[in-house]
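Visitor: sequence unknown, structure follows:
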């Protein structure tokens, strides 16, 4: 499309970039990447009409998003503000920043520190990524191939930004994984042809090994999709709230619960639980892997936020635990009116 119709390519790429942006501000990484690629490959073809085509793609998405945000501007603002905290690093020491990025994001995502052997096998994925990165950077034969230097520059930019301006949550790796995948592909295409002797004879195994690498990398996600293990706790939550909280005016919980609650308009995504907006709720849904992870970060790096959340949590009592990291809290007076028994939460809450 880019070679045949640059105007259409600009409009479509900016349209998709804008969708990425309303999902998460990390789209700024891809805005930078798109700009670099446009200048690298099409700078002689760029014109004001192409810029206008790109802006039109943005405008379509932003206009629709503005209509959505205006349905409840306060809830939109609360969600954006609550999720903006905790992005700066805990230390500005470069070695500490690098170490925390590797330990808290990469090692966690690929189970390097797991006490069990099977989860640690995912570490082979990291080995392939790192090997391809070093091969592309250190081998002149690969580095000088078309596109490799550009990929390395984009990887460095993405990696640096994620080191400094992001929470250490493993799912943010989705933004940099395309760079690793492209580097792996570049090395897989270029390197085997340069091997000689008995090592060169091993080149026939490169693509089967890469196929196994892809299966290993996607195995966990595929397993979750096939077993649909996330569905049961969500079904339990939906059933419980339909029975016991049908008259609640407001429910605070992650937007990930939208499907479980059948897009209930009472649901507000506000990890600060109303501390910044003054808007309280009768019901809180705390998903440990979402709000729980955020609160643990608050406790370590943002104590003032943790204190605010803790003070609000004192007004609530736990009334339901799915056993899968989903806990429902009712405001004390709401629970008393419902005659709801308070359950015991074993171990530390966050």
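Guide: Happy to help now that I have it. Quantities reported herein were computed from a predicted structural model and do not represent experimental measurements. Residues are numbered from 1 along each chain as shown.
Visitor: can we go C-alpha only for contacts and neighbour counts from here?
Guide: Will do.
Visitor: Could you check the host helix or strand of residue 35 and say which residues are buried?
Guide: According to DSSP states H and E, residue 35 maps onto helix 27-42. The neighbour-count check on helix 27-42 (16 or more other Cα atoms under 10 Å) flags 27, 29-31, 33-34, 36-38 as buried.
Visitor: before we move on, what about stretch 231-246?
Guide: So stretch 231-246, judged by 16+ other Cα under 10 Å, has buried residues 233-234, 236-238, 241, 245.
Visitor: Is it possible to get CSV of those that adds distance to residue 310, pLDDT and secondary structure?
Guide: Formatted as CSV, the buried residues of stretch 231-246 follow (distance: Cα to Cα, whole Å; pLDDT from 0 to 100; DSSP: H, G, I helix; E, B strand; the rest coil):
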residue, distance to residue 310, pLDDT, secondary structure
233, 25, 80, helix
234, 25, 81, helix
236, 26, 87, helix
237, 23, 88, helix
238, 26, 88, helix
241, 23, 92, helix
245, 23, 92, coil
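Visitor: circling back to that earlier point, other SSEs contacting the helix holding residue 35?
Guide: helix 6-23 (3 or more Cα pairs under 8 Å, 6 or more residues apart in numbering; DSSP states H and E).
Visitor: immediately after the helix holding residue 35, which helix or strand?
Guide: Assigned by DSSP H and E, the successor of helix 27-42 is helix 48-69.
Visitor: And the contacts of that following helix?
Guide: By Cα atoms under 8 Å, 6 or more residues apart in numbering, the surrounding residues in contact with helix 48-69 are 6-8, 10-15, 17-19, 22, 76.
Visitor: which of these count as buried?
Guide: 6-8, 10-15, 17-19, 76.
Visitor: mind listing what the residue nearest to residue 169 when sequence neighbours are not counted touches?
Guide: For residue 169, ignoring the flanking residues on the chain, the nearest one in space by Cα to Cα, 6 or more residues apart in numbering is residue 105 at 5.9 Å. Residue 105 sits next to 168-170, 173 when contact means Cα under 8 Å, 6+ apart.
Visitor: Quick check: residue 105 vs residue 296, distance?
Guide: 15 Å (Cα to Cα, to the nearest Å).
Visitor: Next: residue 337.
Guide: With Cα to Cα as the criterion, residue 337 and residue 296 are 31 Å apart.
Visitor: More neighbours: which of those two?
Guide: residue 296 (16 against 9; other Cα atoms under 10 Å).
Visitor: following the helix or strand hosting the more buried one, which helix or strand comes up?
Guide: Residue 296 is part of helix 293-301 when elements are defined by DSSP H and E. Moving toward the C-terminus from helix 293-301, the next helix or strand (DSSP H and E) is helix 303-313.
Visitor: Check which residues of that following helix are buried.
Guide: Buried, per 16+ other Cα under 10 Å, within helix 303-313: 305-306, 309, 313.
Visitor: Output these as TSV; include the columns distance to residue 327 and pLDDT.
Guide: Shown next, in TSV, are the buried residues of helix 303-313 (distance: Cα to Cα, whole Å; pLDDT from 0 to 100):
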residue	distance to residue 327	pLDDT
305	21	83
306	18	87
309	16	90
313	12	91
